[in-house]
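> Return atomic coordinates for the entry below.
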Amino acid sequence: MASVCLAFHQLVPKEDILKYQDICIGTVFAALGVGIFILAGGYSGQGLSYYGPSLFPQVVCGLLIFSSFILVVQATRGHSLPKVDSINGSGFMRLLAALGVCGIYLYCVNYLGFVIATCVFLYALMTLLGARSYPKRIFGSLATTLAVWSLFRFLLYAPLPEGVFPFSF
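A predicted model of the protein is given here:
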């Protein structure tokens, strides 16, 4: 599929490149969403609930497919966004730092537990990406962590890493 997109890129006039890029990207992500949706449907549920471990990935895939469809429709109607400046050196370094923070989070989440590691991760990521307000960073990281934890604990009944600390939930 990527080779088809590259072939279109060479044949398309410059003013239509963004349109076809949006169509190709939307198609690729829709196909990815359909594939993962089908794969997640094979997860077997256990317990008494109506839904199993396939619910969350299938909801996310449904949103991915829907968003991809909207991108393709907007592009075919000629409503692609204009090209903006490319990423500069400092932006690229912030991207690498954010990926490093994500890697550290994935390494530490099993040891620290989901709640502690996610609060620290979100606070660090917001700081790295330029959030200035100290209270907003604290409240945002706490509220997001507790919302995700509650979703997994009370709605999806899916365990999250608890960590080695006895006070972690």
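> Local confidence estimate at the spatially most central residue of the chain?
In the chain, the centroid-proximal residue (Cα atoms, centre = their mean) is residue 60; its distance is 9.0 Å. Here the pLDDT value assigned to residue 60 is 92.
> likewise residue 81?
As predicted, residue 81 sits at a pLDDT of 69.
> Not counting sequence-adjacent ones, nearest residue to residue 69?
Excluding its sequence neighbours, the residue lying closest to residue 69 (Cβ to Cβ, 6 or more residues apart in numbering) is residue 30, at 6.3 Å. All C-beta spots, glycine's among them, are computed from the backbone N, C-alpha and C.
> Correct me if wrong: the one you found contacts residue 62.
No - using Cβ atoms under 8 Å, residue 30 makes no contact with residue 62, being 11.0 Å away.
> Comparing these two, which shows the higher neighbour count?
Of the pair residue 30 and residue 62, residue 30 is the one with more neighbours under other Cβ atoms under 10 Å, namely 19 against 13.
> For that one, give me its contacts.
64-65, 68-69, 72 (Cβ atoms under 8 Å, 6 or more residues apart in numbering).
> okay if I get the residues you listed as JSON lines plus neighbour count, secondary structure and distance to residue 54?
Output for the contacts of residue 30, formatted as JSON lines (neighbours: other Cβ atoms under 10 Å; DSSP: H, G, I helix; E, B strand; the rest coil; distance: Cβ to Cβ, whole Å):
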{"residue": "64", "neighbour count": "17", "secondary structure": "helix", "distance to residue 54": "15"}
{"residue": "65", "neighbour count": "19", "secondary structure": "helix", "distance to residue 54": "15"}
{"residue": "68", "neighbour count": "21", "secondary structure": "helix", "distance to residue 54": "20"}
{"residue": "69", "neighbour count": "15", "secondary structure": "helix", "distance to residue 54": "21"}
{"residue": "72", "neighbour count": "18", "secondary structure": "helix", "distance to residue 54": "26"}
